[in-house]
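Predicted model and sequence follow; I will ask about them next.
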Amino acid sequence: MSSVKDEPVSFEQAMDKLEQIVAKLESGDVPLEKAIELFQEGMSLSHLCGQKLEQVERKIETLLEDNGTFVKKPFQPVSDEREN
């Protein structure tokens, strides 16, 4: 099994792999030792995705134009109305 640190992984690749791991773990057909390995890999991928999201958030925060001048504003995520 390859490690997350072996080569650069895009956010999308990490999310795809994380979804595969979750599906395997949810199936319940994985031996305990393999489940632990998958869990560890999933945690690494989750951490990687979190870091990538933080980087994007910092980029979004940096500069927004306001009345002809640039000001730093915190990122305000748009709530998803479909979650109701």
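Here it is on my side, so go on. Numbering: from 1, shown residues only.

can you pull the pLDDT of Glu57?
Listed pLDDT for Glu57 reads 81.

Would you mark the buried spots in the helix or strand where it lies?
Under DSSP states H and E, the secondary-structure element containing Glu57 is helix 32-62. Going by neighbour count (16 or more other C-beta atoms under 10 Å), the buried part of helix 32-62 is 38, 41-42, 44-45, 48-49, 52. For glycine as for every other residue, the C-beta is placed from the backbone atoms N, C-alpha and C.

With respect to Lys24, which of those residues is nearest?
When the buried residues of helix 32-62 are compared for distance to Lys24 (C-beta to C-beta), Leu38 wins out at 5.9 Å.

Touching, that closest one and Leu25? I think so.
Yes - using C-beta atoms under 8 Å, Leu38 is in contact with Leu25, at 5.8 Å.

Could you list the low-pLDDT ranges of this protein?
1-7, 61-84 (pLDDT under 70).

elements contacting the helix holding Glu57?
On a contact count with 3 or more C-beta pairs under 8 Å, 6 or more residues apart in numbering; DSSP states H and E, helix 32-62 meets helix 11-27.

Restrict the helix it packs on to CA atoms and write it as CSV.
Backbone C-alpha positions of helix 11-27 (Å, rounded to 0.1, in the frame of the first residue of the first chain) are rendered in CSV as follows:
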residue,chain,number,x,y,z
PHE,A,11,-7.2,17.1,-3.2
GLU,A,12,-9.5,15.3,-5.6
GLN,A,13,-7.3,12.2,-5.6
ALA,A,14,-7.1,12.2,-1.9
MET,A,15,-10.9,12.5,-1.5
ASP,A,16,-11.4,9.7,-4.0
LYS,A,17,-9.1,7.4,-2.1
LEU,A,18,-10.6,8.4,1.2
GLU,A,19,-14.1,7.5,-0.1
GLN,A,20,-12.8,4.1,-1.2
ILE,A,21,-11.3,3.5,2.2
VAL,A,22,-14.6,4.5,3.9
ALA,A,23,-16.6,2.2,1.7
LYS,A,24,-14.2,-0.8,2.4
LEU,A,25,-14.4,-0.1,6.2
GLU,A,26,-18.2,0.3,6.1
SER,A,27,-18.6,-3.0,4.3
